[in-house]
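K.L.:
Have a look at this fold, sequence not included:
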């Protein structure tokens, strides 16, 4: 596939000790052409030269990062759904992209998939009842090499460095963060909503009353240089086939995540694609963290390819439409093009995010603290160059433009979210009664948030050294995700010191991203004060609902049973006491060591839907710990036209159609994916000979094998994401 390199760490780091990937001090770019062999025609291909290549990929809804609490039985158990706009701070459900790493030409893939469609049609005509393990009508297919399930293809896009060679050079904007934020705030304060007969969501209807020319006269030419568009004589970076494959991927993400019919002009298509990139990067970063692996150089080739080409996809997304040859009126012609809707959607998205963060009144009463900070970073970095109307698409990202401002803006947002998540016991650990410091920005944030949450906290007695240290620890996952993002956004490799550190400390990562080396220096800058005042200066009447902030740093899903349970439905959590074990960090619920103890706990289960109350095949959800009926008529429901049992129904409510259950009386694990797909696995309980007892036929005493359970946990992290 690629040129084989002996040491992966050598390939992922620069020869310099320290590098900077963003801002005016950005290190020079490095670029190397990737070579792939088409798995269908066996011809070599170079990315950026020759026919377009794609990679088999799979998109699915995932709850692996969710902080959704366990069902208490009082309200109906709501099904997790993907947000059509932005990722929520609790990350209840998001679109995840994975790939097997096998590449093929776009034309070869199209011929291959067309042949599958013909075979499926012939199978239906001949009344063949054998069910395939993939659904061609939903775009699913098996990779021709590894037979891994896929439902779309990810276009292999050349690096931004290679594409920028086709564009003319542009001056670097020299504007301070304070001046830039002032210009943005002045621009978006003029937002209004266009008239709509259906009174739909605010995002597609938002518009600005001002123009770039007006703001340039107020804030100088440096401000307008941040929003330069491509020139008439610039060569378009993509050919038609590449743009077509980008549309295929974005529409597949839209239809799979929101379960809607394909519609390229829908304003949500670009937004869900940006959300998928943010969710995928967050999931991969958490996997590296839990396995104690370095951030750079330790990814397997599949995940490395997924990250590289997803980031290149979103980086070049705003520039992926061209001007038709021989056009006279550019504006009229662009309105007739499908790709023009993507630009309008990104423009509305930039207006929506900035107005939510910088203005006192937010569209749709959105609280900026309720949005995932890294999701906002990805969405804003891609959308911001499209803020003002233009007949031409924005220039390709340089790394020395608006990217560093977006990063600082979102980092401050995340710092406020972290402080908002503090409880009374957290503040007690940060108190220093002996010293009393003067009021500064950080203490103002603590005081403002404590007043909003109606907590009694003496901000002046908070030890700032301890607070800054705790903040640097809690925002580290955000910076790690940003490091993965901008590494491929700007093609600047990390330095040797950062690779050696592994991304486990704040300072080296901050230097690589062009940030101050400490949070204290960031908070003491003049621009930070105005940004924080805008984020916290919201009129509470314009914010909808109470905000439940998860604890940071966030990790993979960890579900603890509710303290109070409804007496009517009586949801049963047999291993609730084991979840209090402090050694359990995240993932599948802890299980008792002796299988007999688990059977005794399950014997107390009574099904509320059954007349007799008896459940012949009880199954334990290993995600949330709820006991459900399996293969029983009492809990049977109809979903998507199919009769489904209790496990399939609960999998939709708990894991967005993906679930893992342990059948207690059969000692077998069942994996569910969607309504009609699943498989069986041996239980992690083994006898003294190291063998599982499927069906409990031998009757030997069995005990939990922790290594097998950890292996199952890693498998579930892959399946769920």
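P.N.:
Alright, I've got the coordinates. None of these values were measured; they are calculated from a predicted model.

K.L.:
The closest residue to residue 31 other than its chain neighbours - how many residues pack around it?
P.N.:
Once flanking residues are discounted, residue 31 sits nearest to residue 161: 4.1 Å by CB to CB, 6 or more residues apart in numbering. For glycine as for every other residue, the C-beta is placed from the backbone atoms N, C-alpha and C. A count of neighbours around residue 161, defined by other CB atoms under 10 Å, yields 17.

K.L.:
pretty sure residue 161 is in a helix, no?
P.N.:
Yes - under DSSP: H, G, I helix; E, B strand; the rest coil, residue 161 sits within a helix.

K.L.:
From here on, call the first residue 23.
P.N.:
Okay, using 23 as the starting number, the last item reads as residue 183.

K.L.:
quick one, what contacts it?
P.N.:
With contacts defined as CB atoms under 8 Å, 6 or more residues apart in numbering, residue 183 is in contact with 51, 52, 53, 513.

K.L.:
Show the contacting residues for residue 342.
P.N.:
Residue 342 touches 260, 264, 265, 268, 361, 364, 415, counting by CB under 8 Å, 6+ apart.

K.L.:
Show me where the stretch 223-372 of the chain has its helices.
P.N.:
Taking DSSP state H, counting those that start in this stretch, the helices of the stretch 223-372 of the chain run over residues 234-241, 243-247, 262-280, 290-312, 323-337, 352-357, 362-380.

K.L.:
Return the distance of the first one from the chain's centre.
P.N.:
In this case it means helix 234-241. In terms of CA atoms, centre = their mean, to the nearest Å, the centre of helix 234-241 is set 35 Å apart from its chain centre.

K.L.:
Which secondary structure elements does it sit against?
P.N.:
Using 3 or more CB pairs under 8 Å, 6 or more residues apart in numbering; DSSP states H and E, the elements in contact with helix 234-241 are helix 199-210, helix 243-247.

K.L.:
need those helices in TSV with mean neighbour count and distance to residue 479, can you?
P.N.:
As requested, the helices and strands packed on helix 234-241 are exported to TSV (neighbours: other CB atoms under 10 Å; distance: least, CB to CB, whole Å):
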stretch	mean neighbour count	distance to residue 479
helix 199-210	20	28
helix 243-247	17	39
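
K.L.:
Of all those, which one comes closest to residue 642?
P.N.:
Nearest to residue 642, of all these, is helix 199-210, at 50.2 Å by CB to CB.

K.L.:
name the helices or strands packed onto that closest one?
P.N.:
So helix 199-210, by 3+ CB pairs under 8 Å, 6+ apart, packs with helix 234-241, helix 243-247, helix 362-380, helix 425-442, helix 548-558.

K.L.:
Just put those in TSV and tack on distance to residue 77 and mean pLDDT.
P.N.:
Shown next, in TSV, are the helices and strands packed on helix 199-210 (distance: least, CB to CB, whole Å; pLDDT from 0 to 100):
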stretch	distance to residue 77	mean pLDDT
helix 234-241	38	89
helix 243-247	36	86
helix 362-380	22	89
helix 425-442	26	95
helix 548-558	39	89
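
K.L.:
Now distance to residue 285 too, for those, in CSV please.
P.N.:
Conversion of the helices and strands packed on helix 199-210 to CSV gives the following (distance: least, CB to CB, whole Å):
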stretch, distance to residue 285
helix 234-241, 30
helix 243-247, 35
helix 362-380, 10
helix 425-442, 29
helix 548-558, 34
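
K.L.:
So which of those helices is nearest residue 217?
P.N.:
The nearest among the helices and strands packed on helix 199-210, by CB to CB, is helix 362-380 at 15.1 Å.

K.L.:
which stretch in the helices and strands packed on helix 234-241 is the model least sure about?
P.N.:
With a mean of 86, helix 243-247 has the lowest mean pLDDT of these.

K.L.:
Quick one: distance of stretch 299-310 to the chain centre.
P.N.:
That offset, for stretch 299-310, works out to 7 Å (CA atoms, centre = their mean).

K.L.:
Of the helices and strands packed on helix 199-210, which is nearest residue 336?
P.N.:
It is, among the helices and strands packed on helix 199-210 and with distance given as CB to CB, helix 362-380, at 10.4 Å.

K.L.:
Tell me the helices and strands packed up against that closest one.
P.N.:
Using 3+ CB pairs under 8 Å, 6+ apart: helix 362-380 touches helix 199-210, strand 228-230, helix 290-312, helix 395-405, helix 548-558.

K.L.:
just those: most buried one?
P.N.:
helix 395-405 (a mean of 26; mean count of other CB atoms under 10 Å).

K.L.:
for that one, the distance to its chain's centre please.
P.N.:
Worked out by CA atoms, centre = their mean, helix 395-405 lies 11 Å from the chain centre.

K.L.:
what comes into contact with that helix?
P.N.:
Contacts for helix 395-405 (CB under 8 Å, 6+ apart): 108-109, 111, 293, 296-297, 299-301, 303-304, 336-337, 339-340, 368-369, 371-372, 375-376, 379, 390, 419, 424-425, 428-429, 431-433, 435-436, 439, 500, 503-504, 507, 511.

K.L.:
Specify the angle between it and helix 290-312 in degrees.
P.N.:
130 degrees (axes from the mean of the first three to the mean of the last three CA atoms, to 10 degrees).

K.L.:
Helix 395-405 vs helix 425-442, what angle?
P.N.:
160 degrees.

K.L.:
and stretch 314-323, which residues are buried?
P.N.:
316, 317, 318, 319, 320, 321 (16 or more other CB atoms under 10 Å).

K.L.:
Okay, now the unreliable bits of this structure?
P.N.:
Applying pLDDT under 70 to the chain picks out residues 23-33, 149-153, 254-257, 343-361, 456-461, 561-567, 589, 633-635, 741-743.

K.L.:
circling back to that earlier point, any chance of the helices and strands packed on helix 234-241 in CSV with distance to residue 494 as columns?
P.N.:
Listed next are these as CSV, based on distance: least, CB to CB, whole Å:
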stretch, distance to residue 494
helix 199-210, 20
helix 243-247, 32
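
K.L.:
right, so of those, which gets closest to residue 191?
P.N.:
helix 243-247 (12.6 Å).

K.L.:
Need the residues that contact that closest one.
P.N.:
Outside helix 243-247, the residues that reach it (CB under 8 Å, 6+ apart) are 192-197, 201-202, 205, 234-235, 237-238.

K.L.:
Restricted to buried residues, select the residues you listed in PyMOL.
P.N.:
Buried members of the contacts of helix 243-247 can be picked out in PyMOL with the line below, counting by 16+ other CB under 10 Å:
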select buried, resi 192+195+197+202+205+234+237+238
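
K.L.:
Most widely separated two among the contacts of helix 243-247?
P.N.:
That would be 194 and 235, which, of those, are the farthest apart (CB to CB) at 21.2 Å.

K.L.:
got the contact list for residue 331?
P.N.:
77, 176, 177, 178, 179.

K.L.:
try residue 533
P.N.:
40, 42, 520, 539.

K.L.:
Tell me where the stretch 573-722 of the chain has strands.
P.N.:
640-643, 649-651, 659-661, 664-666, 680-685, 690-695, 699-704, 707-708 (DSSP state E, counting those that start in this stretch).

K.L.:
re the thing from before, just among the contacts of residue 342, which is most surrounded?
P.N.:
Going by other CB under 10 Å, residue 415 tops the contacts of residue 342 with 27 neighbours.

K.L.:
isn't that one right next to residue 251, touching?
P.N.:
Yes - counting by CB atoms under 8 Å, residue 251 is a contact partner of residue 415 at 6.5 Å.

K.L.:
what's the residue closest to the geometric middle of this protein?
P.N.:
With distances taken as CA atoms, centre = their mean, residue 301 lies nearest the centre of the chain, 1.0 Å away.

K.L.:
wait, that residue sits on residue 110?
P.N.:
No - in this structure residue 301 lies outside contact range of residue 110 using CB under 8 Å: 10.9 Å.

K.L.:
what pairs with residue 214 across the strands?
P.N.:
residue 229 (DSSP bridges).
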